[in-house]
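Asks: Need a 3D model of the following:
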Amino acid sequence: MRTRYGVPLAAKRRSPWIIPLLAIAFLSGCATTPYRAHPQFEERLRSGLRVAVMPPDVKVYQITAGEVQEQMDEWTETARKNVVAAISKRLTGGGGLTIRDFDPTQSEAAREEFEDARWLFQAVALSAALHAYPTPVQLETKKERFDYTLGPLPTLAQASEADALLFVQGLDHISTSGRVARDVILTILAVAATAAARSPIIFPGPSGGVTGMWAALVDAQTGDVLWFNKYSTAGAHDLRDPVSAEEFVSKTLEGLTTFVPTATPVKLKQQ
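Replies: Residues are numbered from 1 along each chain as shown. This is a model prediction of the structure:
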């Protein structure tokens, strides 16, 4: 069984706790959060970076009134295509970045390393979201010096002929009509109860679900995370909608694309 850092990779991918933790991390600092960057990021950028865009990992879940989550395959595929199109439109050439398309399934070795790297990206992004941002578990060391790594990625570096790899992961929770109705009733009851008690009104959380995304620019050789950003909203976006997905992706990549002043849209393949 293949392992990395002493942990079976297959077991990692089946971890049942990852979805709720992702939601918590996305919600930590809802809406726009400043990006984080490696101490050498701007220096590397000035020297020029060839960037290969990895296929985005996007999933859409439906949440019932009983808080049961079910991945919706058709919605997921629609959202993934919208995100790919949005990345293609948002990313531009110049300004230190040269964007190139890349299919990691072109060889078995590249595919295997990509699958490993995608899981490791999720784990590293989760840690960064929890410890490098203002949260109850923020670490001062990570706040002062952003230095995360996925570990060396020699196969992807050679196959992509890139200096850096862009990883993107998105998650969308869509509430059923029953859950929305339940939350409306709970809101009415909460307002009535707090009014009767003459207490400050506390509204339940949004019923529309959570949309979250994070992205990282990773050094293709060392696996060091050069740039990282996360963005999330509650009930305000829907990745199944092209316009909404484009707006959401633009917000997620805002910190990265501010370094890229010229505009030459890059066409990415729908992998």
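Asks: for the protein, which spans come out with low pLDDT?
Replies: The chain contains residues with pLDDT under 70 at 1-33, 65-67, 92-96, 176-208, 257-271.
Asks: what ranges do the strands span in it?
Replies: With DSSP state E as the criterion, the chain has strands at 3-4, 7-8, 31-32, 36-37, 49-53, 57-63, 69-71, 97-101, 164-175, 210-219, 225-234.
Asks: now those as JSON lines including mean neighbour count and distance to L156?
Replies: C-beta here means a position set from N, CA and C on the backbone, and glycine is covered the same way. Below are the strands of the chain laid out as JSON lines (neighbours: other CB atoms under 10 Å; distance: least, CB to CB, whole Å):
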{"stretch": "strand 3-4", "mean neighbour count": "13", "distance to L156": "14"}
{"stretch": "strand 7-8", "mean neighbour count": "12", "distance to L156": "20"}
{"stretch": "strand 31-32", "mean neighbour count": "12", "distance to L156": "30"}
{"stretch": "strand 36-37", "mean neighbour count": "20", "distance to L156": "21"}
{"stretch": "strand 49-53", "mean neighbour count": "21", "distance to L156": "8"}
{"stretch": "strand 57-63", "mean neighbour count": "20", "distance to L156": "15"}
{"stretch": "strand 69-71", "mean neighbour count": "11", "distance to L156": "26"}
{"stretch": "strand 97-101", "mean neighbour count": "18", "distance to L156": "13"}
{"stretch": "strand 164-175", "mean neighbour count": "24", "distance to L156": "6"}
{"stretch": "strand 210-219", "mean neighbour count": "26", "distance to L156": "9"}
{"stretch": "strand 225-234", "mean neighbour count": "24", "distance to L156": "15"}
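Asks: Now render the ones you listed as TSV, adding distance to E144.
Replies: Formatted as TSV, the strands of the chain follow (distance: least, CB to CB, whole Å):
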stretch	distance to E144
strand 3-4	28
strand 7-8	28
strand 31-32	22
strand 36-37	11
strand 49-53	24
strand 57-63	29
strand 69-71	36
strand 97-101	26
strand 164-175	23
strand 210-219	19
strand 225-234	15
